[in-house]
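# fold the following for me, if possible:
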Amino acid sequence: MGIKIGVILGTTRKHSLGGRIFKYLQNNIQSNADVKYTWIKLRDYPLPLYDHEETPLEEPIQDLNSNESEWLATLKQQDGYLILTPEYDHALPGGLKNAFDLVGPEVSRKPVQIIAYSHYSDGGTLAARSIVPILQMLKMIVLPTPALLWDADKNFTEHGDLQMDVLNSEHFAKRLQDVFVEINFYTSVLKQNPFLKNDDKPKAD
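Coordinates of the predicted model:
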């Protein structure tokens, strides 16, 4: 039974370091018989600021617009997730947080791995840290060690190439490969062994 992994680019900027990293991953990570990758750019789902009466973790939102519905439907179709996030003012971007505010049961008990990146030497550490409690609130299973890409502007080209003669490129290539191995493994295990609440378990005769 194959799995589906949604790879989410969490910035909405037209020209971004994240876009170059995302393109590198698309160029180098291929779907196969065991796993299908869905490449999800948040900017392809222009979402208004959250203004619904409902709280999606408690009840479905009734008046979703077409972009909101498509965003949630795309998330629901996935079995696991990789989220690429930049760091804005020591946290995740506001647009990504707003997108999560719409989410209810679509992602519940599914694994997620974080890739944080930065122009600076911290590698997006605080962005990765800030996103964890949000994902946990959504009942996602957050893998313990995010991938951090620091001072990464000079490593990734606009065409999605990783310049291997630049400092840290070899480490980045290996770490990103490892990230996909990790999320594939945990997604496969959890899909084959879904969590069942007591009410869902078959009753003994």
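# need the phi and psi values for the spatially most central residue of the chain.
Closest to where the C-alpha atoms of the chain average out (C-alpha atoms, centre = their mean) is Ile83, at 2.1 Å. Main-chain torsions, Ile83, degrees, to the nearest 10: phi -120, psi 120.
# where does the closest residue to it other than its chain neighbours land in three-state SS?
Setting aside the residues directly before and after it, Ile83 is nearest to Ile8 in space (C-beta to C-beta, 6 or more residues apart in numbering), at 4.8 Å. (Glycine included, C-beta is placed from N, CA and C.) Following DSSP: H, G, I helix; E, B strand; the rest coil, we place Ile8 in the strand state.
# Ile8 and Tyr24, how far apart?
15 Å (C-beta to C-beta, to the nearest Å).
# kindly report the same for Leu42.
Leu42 is 18 Å from Tyr24, by C-beta to C-beta.
# neighbour count: these two, which is higher?
Leu42 (23 against 20; other C-beta atoms under 10 Å).
# looking at it, the more buried one is touching Val7, isn't it?
No - contact criterion C-beta atoms under 8 Å: Leu42 and Val7 do not qualify, at 11.4 Å.
# this protein: strands as residue ranges?
3-9, 35-41, 80-86, 111-117, 141-142, 147-149 (DSSP state E).
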